[in-house]
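*Asks:* One predicted model, sequence on top.
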Amino acid sequence: MNPLCGRCNLVVYPTEKINCLDKYWHTRCFRCEVCNMSLNMKNYKGFAKRPYCNAHYPRANFTCVADTPENIRLKQQSKMQSQVLYKEDFEKNKGKSFTVVTDTPELQRLKISQNQVSNVKYHEEFEKSKTPHLHEELKSKTQHQQPAAFQPPAASQNYHYDPAPEPVRPAAAAPPPSAGKRYRAVYDYAAADEDEVSFMDGDVIVDVQQIDEGWMYGRVERTGQQGMLPANYVEAI
């Protein structure tokens, strides 16, 4: 059975049939919907399953959508979903770097050089910050260890104070002469710890070894005792 024409709705025979836009047309019926210009398969443009020429082809226009409550709800829902997706992507990619740098030998050399420079600067800053604290600690320790001058109580008219005689220290055996460094005490010093040594102003300390900038180790020539002593209490001979 022969189909019907899409325009005149008459039977289309095979000799005059055009199959286009899901319809069958007579050759004479395949014309523009506006200007009625004859069309063929090369110059037609289809819109809504109707043929048009290039000049009268309907152009798509932007449709103004009313801002109804339903559209507002959909808009807010889409916005919330986009924010949720953005936060999820941000949490997944947080702390990751998107820049891929090839680890070439030149970059490796620069990286090692920067690490060495940073380590040197760190140690310099650490030593600078540590030195003032050491000086303050040694100074406070020295001031704490300096013996205070003895002040006897004031004597009244009916009481006379006689200080008890100091016990006589037995004379120590004279140590053999030493060829090490020799220092002379310029202040009296009383040992505060077991590993320290006491001495008096004018004593000679021999076999002196430097421990650090604030402390030494040596032997008092007068008593024969040896131990640690503060460096700022003695001077070199």
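*Replies:* That came in fine, so what should we check first?
*Asks:* which residues does K49 contact?
*Replies:* K49 sits next to L21, D22, K23 when contact means C-beta atoms under 8 Å, 6 or more residues apart in numbering. C-betas here are computed from N, CA, C, even on glycine.
*Asks:* neighbours around the last one, how many?
*Replies:* Spelled out, that is K23. 17 (other C-beta atoms under 10 Å).
*Asks:* Also the second one?
*Replies:* In terms of burial, D22 registers 8 neighbours under the definition other C-beta under 10 Å.
*Asks:* so what's it up against?
*Replies:* D22 makes contact with K49 under the criterion C-beta under 8 Å, 6+ apart.
*Asks:* In contact with the residue nearest to A191 when sequence neighbours are not counted, which residues are there?
*Replies:* Distances taken as C-beta to C-beta, 6 or more residues apart in numbering place S198 nearest to A191, at 4.5 Å, with adjacent residues excluded. Contact partners of S198, counting by C-beta under 8 Å, 6+ apart, are Y189, A190, A191, V220, T223, Q225.
*Asks:* which among those residues end up buried?
*Replies:* Buried subset of the contacts of S198 (neighbour count, 16 or more other C-beta atoms under 10 Å): Y189, V220, T223.
*Asks:* Rank the helices and strands of this protein by mean pLDDT and give me the bottom one.
*Replies:* Least confident element among the helices and strands of the chain, by mean pLDDT, DSSP states H and E: helix 105-145 (a mean of 70).
*Asks:* for the record, mean pLDDT for the very next helix or strand once past it?
*Replies:* Sequence-wise, the next helix or strand downstream of helix 105-145 (DSSP states H and E) is strand 183-185. Strand 183-185 carries an average pLDDT of 94.
*Asks:* tell me which residues of strand 183-185 are tucked away?
*Replies:* Neighbour count says strand 183-185 has Y183, A185 buried, by 16+ other C-beta under 10 Å.
*Asks:* Now do the buried residues in the helix or strand following that strand.
*Replies:* Counting by DSSP H and E, the next helix or strand C-terminal to strand 183-185 is strand 204-210. Neighbour-count burial for strand 204-210, counted by 16+ other C-beta under 10 Å, picks out V204, I205, V206, V208.
*Asks:* and strand 204-210, C-alpha only, in CSV?
*Replies:* Taking Å, rounded to 0.1, in the frame of the first residue of the first chain, the C-alpha atoms of strand 204-210 are listed here in CSV:
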residue,chain,number,x,y,z
VAL,A,204,97.7,28.0,93.8
ILE,A,205,95.7,25.5,91.8
VAL,A,206,97.8,23.1,89.6
ASP,A,207,97.0,20.4,87.0
VAL,A,208,94.2,22.6,85.7
GLN,A,209,92.0,21.3,82.9
GLN,A,210,89.4,23.4,81.1
